[in-house]
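> sharing a sequence plus its predicted fold:
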Amino acid sequence: MRILQLSATSIIAGASILALLWAFLQFLIISRIPIKSIGISDETSLMGGNDDATTTRLNEIYEAIYEGAESFLRAEYSVCFLFVFLFSIVIFVLIFWGTGWNFAKAIFTTLSFILGAITSMVSGYLGMKVAVFSNVRTTISAQKPGWTACFNTAFRAGAVMGFALCGLGIAMLYSSALAFRVHYSDPSDWISLTECLTGFGLGGSSIAMFGRVGGGIYTKAADVGADLVGKVVHGIPEDDPRNPATIADNVGDNVGDVAGMGSDLFGSFAEATCAALVIGSSISYSGGWDAMMFPIIVSAVGVAVCLICSFIATHIRPVTSEKQVESALKTQLIATTILMIPAVYFAANAYLPETFKLKATVGADVYFVLSPLDATLSVIMGAVGGLIIGLITEYYTSHSYKPVRELADSCKTGAATNMIYGIALGYKSVITPVLVLACVVYGSFSLCDMYGVALAAIGFLSNLATGLTIDVYGPVCDNAGGIAEMAELDPRVREKTDALDAAGNTTAAIGKGFAIGSAALVSLALFGAFVTRIRDSSNSELFLNGVNMLEPLTFAFLIIGGMIPFAFAAMTMKSVGLAAMEMVMEVQRQFDEKPHLLDENPSERPDYDACIAISTNASLKEMVPPGAMVIFTPLLTGIFFGVNAVSGLLVGSLIASVQLAISMSNSGGAWDNAKKYIEKATPDSDLKGKGSEIHKAAVVGDTVGDPFKDTSGPALNIVMKLMAVLSLVFADTFYAINGGHGVFNLS
């Protein structure tokens, strides 16, 4: 048994070390590209001599973006550190009291919360540093002939983030479990160990909330402000160096789309794993430590699979033309999903016992007798379901397909019809993903009860390293194009980065589909863990036969829960609008006071720092209210109204969040790509191309879609996850108040 234990520990430790080493190797390869501009020869398209003035300008832009991103994250994380300190006290006090003065459980949960929060911040910060470091080098690589160099640079930048985050997450979570096992040495106490680990997921998700909302408000305030005054009013190109908001816009890509998204997906990984460990802790009786750690083993195996598949894009089938870019990224997702099927099967047979018992979520003394095949099928359902949702998302957001082309056609009659079509497209795009999620939930629950749902969520995230690689690739290419425009490089460089970015937009939408689907399953698994924990605390007096949604209090809070995502979306959308208005006024003020800024070759530079300050201050101020609402709603509901009310709240929030998140993300992605499709058209075509009235209508849709797809939509993932994991962490506290009926004792 000890040999098996060591082999399980070694596969997890080995995977985390391998991931970190691979990330470091990719970083070294990128760092070998010097920040040195070289003109493109018209005759041979080969790199010519060094352009010192352009090199100086590239370094200035790089440093401005780096300093802007660094200063924002420093300010944001200062707020986060204060929150972590204060909320750690709340966690310790409430759990210490709620568990009958159990000091060990209180301190371990608090420590895991702090560790999860710090890991999430490190993940976000690391992603920002790597993205900024790689953006300018992608621009330089785009000056080289062909497509391989620039694609590989952006792809490797994503790989640094993807593999580093996975390696760090696996290492920190498993190290915490091993440390807690020193105190909880008896297998009968391992349920308490897994309950303490839920703090890790809470810490990660709390920081993700501030990262996603704060970063999203920052990036979209700058983006919307730059678009409205620059492209719509004055007709200057996107990322034009004359636009005062352009540096803030590029900074926003790094702090929102990279740092915020990294924290978000780290939170998903942590919460899915914690939910599976809590629900499946009874497996330890028949299978021991290794079997209980199976969810982490799946993630460890996923790292190796993603690493092998990364060679397809960089070596086996390198990108040599524009049309291969999107297929190379999609191939990564498809290949990793296919390879995960046999990998999970072998892992399940190696680390799970031939049969094992699992207590059912509903029913008195009802047990499931499961096999490794049941667990494998649950994981595979999640992995394949995630891929299907990703491909459906692509269909609705890529201009290669009918929906976005219809949306582009709607711009012929103005911005209003573009808005109507775009919103309808988002609503329609919800149908199939929700049906897929329903099938995954039904299938995995039928096989392995709520443990199967948690494993399906792990399956969604099993190729997380690849998903993150592709997600980070997009913002890196977007920034590379902005830098090319600001440095006034050859227009062909911008055309190349735009082509890379267009593929990145589509794959980013696919990534959002994965994230939303996984968040739905994670939230459901966390809800199952919450019900299980309340049932255990009450000795099956509560929730023996599940949650009765027809109880008046439960049903009332079901409706309230359904309202939460809309309130959250309204708050974040309004925050972007307020910050964008301030940005628009600042940009217009500079154009009014410095009219020569709009000259073809202006003699003076805009004040970029003023726009960076507006985005920073607005995001730091506006991220607190929506975050506080999500954190304190379940906490106060549990304290005052009890566990039945919390159950209704969580279910209502989950159902509404997943629908709203999919529709908002896909509407925004479709508007963005409809605009890009029109920009590719020639002036004598039906769509008239860039600068036409049709294009202006598309820009309005894209501007409205920015907070849809990059602020409110993605942050709704965290709303459903954070409310569920917080309820799980404080489950004992809720039960301690009037036997789970809350201060008001209305049940």
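Perfect, thanks for sending it.
> make it CA atoms for all contacts and neighbour counts henceforth
Will do.
> what about the strands in the stretch 301-450 of the chain?
Assigned by DSSP state E, counting those that start in this stretch, the stretch 301-450 of the chain shows strands spanning 356-359, 367-370.
> and of those strands, who's closest to Leu73?
When those are compared by Cα to Cα, strand 356-359 sits nearest Leu73, at 43.8 Å.
> so what's Glu354 closest to, chain neighbours aside?
Distances taken as Cα to Cα, 6 or more residues apart in numbering place Ser371 nearest to Glu354, at 5.7 Å, with adjacent residues excluded.
> so how many other residues sit close to the one you found?
18 (other Cα atoms under 10 Å).
> try the one 3 residues further on
With neighbours defined by other Cα under 10 Å, the count for Asp374 comes to 19.
> that one and Glu354, how far apart?
Applying Cα to Cα, to the nearest Å, the value for Asp374 to Glu354 is 11 Å.
> before we move on, back to that, might one say that the residue nearest to Glu354 is in contact with Leu358?
No. Counting by Cα atoms under 8 Å, Ser371 does not reach Leu358; the two are 10.6 Å apart.
> now the strands for this structure?
Per DSSP state E, the chain has strands spanning 38-40, 47-50, 356-359, 367-370. These are given in chain order.
> hey, least reliable of those strands by pLDDT?
Mean pLDDT is lowest for strand 47-50 among the strands of the chain, at a mean of 41.
> Glu271 - nearest residue in space that isn't next to it in sequence?
With Cα to Cα, 6+ apart as the measure, Gly201 is the residue that lies nearest to Glu271, at 4.5 Å, once sequence neighbours are left out.
> which ones are touching that neighbour?
Gly201 makes contacts with Phe113, Gly116, Gly267, Ser268, Ala270, Glu271, Cys274, Val725, as judged by Cα atoms under 8 Å, 6 or more residues apart in numbering.
> kindly report the same for Phe180.
Contacts for Phe180 (Cα under 8 Å, 6+ apart) come out as Phe108, Leu193.
> the one 10 residues further on now?
By Cα under 8 Å, 6+ apart, the contact list for Trp190 reads Arg181, Tyr184, Ser281, Ser284.
> ok, those residues vs Asn463, which is closest?
Ser281 (24.1 Å).
> you'd agree that closest one is up against Met292?
Yes. Counting by Cα under 8 Å, Ser281 does reach Met292; the two are 5.9 Å apart.
> what is the burial count for the closest residue to Gly713 other than its chain neighbours?
For Gly713, ignoring the flanking residues on the chain, the nearest one in space by Cα to Cα, 6+ apart is Ala661 at 4.5 Å. Close neighbours of Ala661, defined as other Cα under 10 Å, add up to 27.
> repeat for Ile65
Ile65 has 27 nearby residues by other Cα under 10 Å.
> which one is it nearest to, not counting chain neighbours?
Val251 (5.3 Å).
> who's in contact with that neighbour?
Contacts of Val251 (Cα under 8 Å, 6+ apart): Ile65, Tyr66, Gly68, Ala69, Thr219.
> which two of the contacts of Gly201 have the greatest separation?
Farthest pair in these, by Cα to Cα: Phe113 and Ser268, 14.6 Å.
> higher neighbour count, the two?
Ser268 (32 against 28).
> hmm, Ser523 and that one touching each other?
No. When contacts are counted by Cα under 8 Å, Ser268 is not listed as touching Ser523 (9.3 Å).
> related to what we said a few turns ago, just checking, which of the contacts of Trp190 belong to helices?
Arg181, Ser284 (DSSP state H).
> just put the contacts of Trp190 in CSV and tack on distance to Ser120 and pLDDT.
Listed next are the contacts of Trp190 as CSV, based on distance: Cα to Cα, whole Å; pLDDT from 0 to 100:
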residue, distance to Ser120, pLDDT
Arg181, 23, 94
Tyr184, 26, 92
Ser281, 25, 87
Ser284, 29, 84
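> most neighbours, which of the contacts of Trp190?
Neighbour-wise, those (other Cα under 10 Å) top out at Ser281, 27 neighbours.
> residue contacts, it?
Contacts of Ser281 by Cα under 8 Å, 6+ apart are Trp190, Ile191, Thr194, Met292.
> let's see that with 7 Å instead.
Trp190, Ile191, Met292 (Cα atoms under 7 Å, 6 or more residues apart in numbering).
> model confidence for the first one, exactly?
As summarised for this prediction, Trp190 has a pLDDT of 90.
> among the contacts of Val251, which two are most distant?
Across the contacts of Val251 (Cα to Cα), the longest gap, 14.4 Å, separates Tyr66 and Thr219.
> ok, Lys144 to Ser134 distance?
Distance, Lys144 to Ser134, using Cα to Cα: 16 Å.
> mind checking which of these two has more residues around it?
Ser134 (28 against 19).
> can you tell me how far the closest residue to that one other than its chain neighbours sits from Arg494?
Spatial nearest neighbour of Ser134, chain neighbours left out: Ala157 (6.0 Å); criterion: Cα to Cα, 6+ apart. Note on Ala157: its distance to Arg494, by Cα to Cα, is 19 Å.
> in terms of neighbours, single out the busier of those two.
Ala157 (30 against 22).
> doesn't Val130 make contact with the more buried one?
Yes. Here Ala157 lies in contact with Val130, judged by Cα atoms under 7 Å, at a distance of 6.5 Å.
> same list, the contacts of Val251, but as a markdown table with pLDDT and distance to Gly482 please.
Formatted as a markdown table, these follow (pLDDT from 0 to 100; distance: Cα to Cα, whole Å):
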| residue | pLDDT | distance to Gly482 |
| --- | --- | --- |
| Ile65 | 91 | 11 |
| Tyr66 | 90 | 14 |
| Gly68 | 91 | 15 |
| Ala69 | 89 | 15 |
| Thr219 | 86 | 14 |
